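Peer 1: Here is a sequence together with a model predicted from it:
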Amino acid sequence: MQFGFSTNAFREYDLTDAIEELADAGYDGVELLFDEPHLYPPTATEDEIGAVQDALESNDIAISNGNAFMLTAIEDFHHPSFIEPDADYRRERVDYTLAALETAADLGIPHISIEPGGPIPEEKSREWAMDTFIDGLEEVATRAEDVGVDVLVEPEPDLLIETSEEFFDLLERVDSDRIKCNFDAGHFYCVGEDPAALVADLHEYTPHYHLEDIPDDRTHEHTQLGDGAMDIDGFLSELDERGYDGFVTVELYPYEETAVETARDAMAYLEEHGWA
């Protein structure tokens, strides 16, 4: 098992500086934020991609995942979504995701993570939202198959796909082996599921995991490892027992003001518990 840390906590840093900090902290990989102020696929240049590749090579660190979930370059984390009522606005999310796939292919990243549809608009039904998400996802899947990059839908509280059951329902309706799961342990914990027990069900469809702690009341607040109520050792033990040798990326974006210290403290937790 390898550990990465997402640069979405390092939005006050230049991306190459963030890569250097995370390598110094002892991580095997770095999850690249495909958004401003880091690497924004719709406008990313060959020079920017080359600078990232140079930073990775000089710091001997890999890419754990391409994070194409947050989209603050246009509005915020969740908007525009795949299920905006306005077709032109919705189109911006699809086009952004298509560009993210191209950038991932250029960097040799095997997968990107995306939002699970988005918040269901008040004036629309869940059925409409599912149909609309699937329409967008099928176009994205076609490009994913062309460039050889997986698209990992990341279930999240209060968005269209929140639970494992909803993810499996989605999977049955999209005819592409490129559509898989970004298993965010904290998100599943928030909606009342047991991440450790869920590993067995989703393992086959999950090439990448997110990890953060969550408060005891299961509020969706990404919390430093060990400061919440999740059974992190139990979750990682399940992955270890299955021989998982891919990346688990720690995602602590709310700690923007203390990004370096937070990354180092998370690594210290993993080392103290014998995982890194």
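Peer 2: In hand now; what should we look at? Numbering: from 1, shown residues only.
Peer 1: From D131, how far off is E36?
Peer 2: Using CB to CB, to the nearest Å, E36 is found at 31 Å from D131. (Glycine included, C-beta is placed from N, CA and C.)
Peer 1: Ignore what I typed, I meant L170.
Peer 2: Relative to D131, L170 is positioned 11 Å away (CB to CB).
Peer 1: Then D146?
Peer 2: With distances defined as CB to CB, the gap from D146 to D131 amounts to 24 Å.
Peer 1: and F5, what does it touch?
Peer 2: Contacts of F5 were listed using CB atoms under 8 Å, 6 or more residues apart in numbering, and they are L22, A25, Y27, G29, V30, E31, T249, V250, L252, A263, A266, M267.
Peer 1: pLDDT wise, what is it at?
Peer 2: The pLDDT attached to F5 in the predicted structure is 98.
Peer 1: Repeat that for the one 4 residues further on.
Peer 2: We have a pLDDT of 98 for A9.
Peer 1: where's the closest residue to it other than its chain neighbours, which helix or strand?
Peer 2: Counting by CB to CB, 6 or more residues apart in numbering, A9 lies nearest to A259, which is 4.6 Å off, once chain neighbours are set aside. Here A259, judged by DSSP states H and E, is contained in helix 259-272.
Peer 1: what does H210 give?
Peer 2: Counting by DSSP H and E, H210 is part of strand 208-211.
Peer 1: downstream neighbour of that strand in the secondary structure list?
Peer 2: As assigned by DSSP H and E, the chain's next helix or strand after strand 208-211 is helix 232-241.
Peer 1: what is the orientation angle of that following helix with helix 259-272?
Peer 2: With axes from the mean of the first three to the mean of the last three CA atoms, to 10 degrees as the criterion, the two stretches helix 232-241 and helix 259-272 enclose an angle of 70 degrees.
Peer 1: Phi, psi for S6 please.
Peer 2: The phi/psi pair for S6 (degrees, to the nearest 10) reads phi -80, psi 140.
Peer 1: That one contacts F69, correct?
Peer 2: No. Under the criterion of CB atoms under 8 Å, S6 is not in contact with F69, lying 9.9 Å apart.
Peer 1: And the helices in the chain?
Peer 2: Assigned by DSSP state H, the chain shows helices spanning 15-24, 46-58, 87-107, 126-147, 164-173, 185-190, 195-202, 232-241, 259-272.
Peer 1: what about the residue lying closest to E31 once chain neighbours are set aside, distance to I114?
Peer 2: Counting by CB to CB, 6+ apart, the nearest residue to E31 once its immediate chain neighbours are dropped is S6, at 4.0 Å. S6 sits 14 Å away from I114 when distances are taken as CB to CB.
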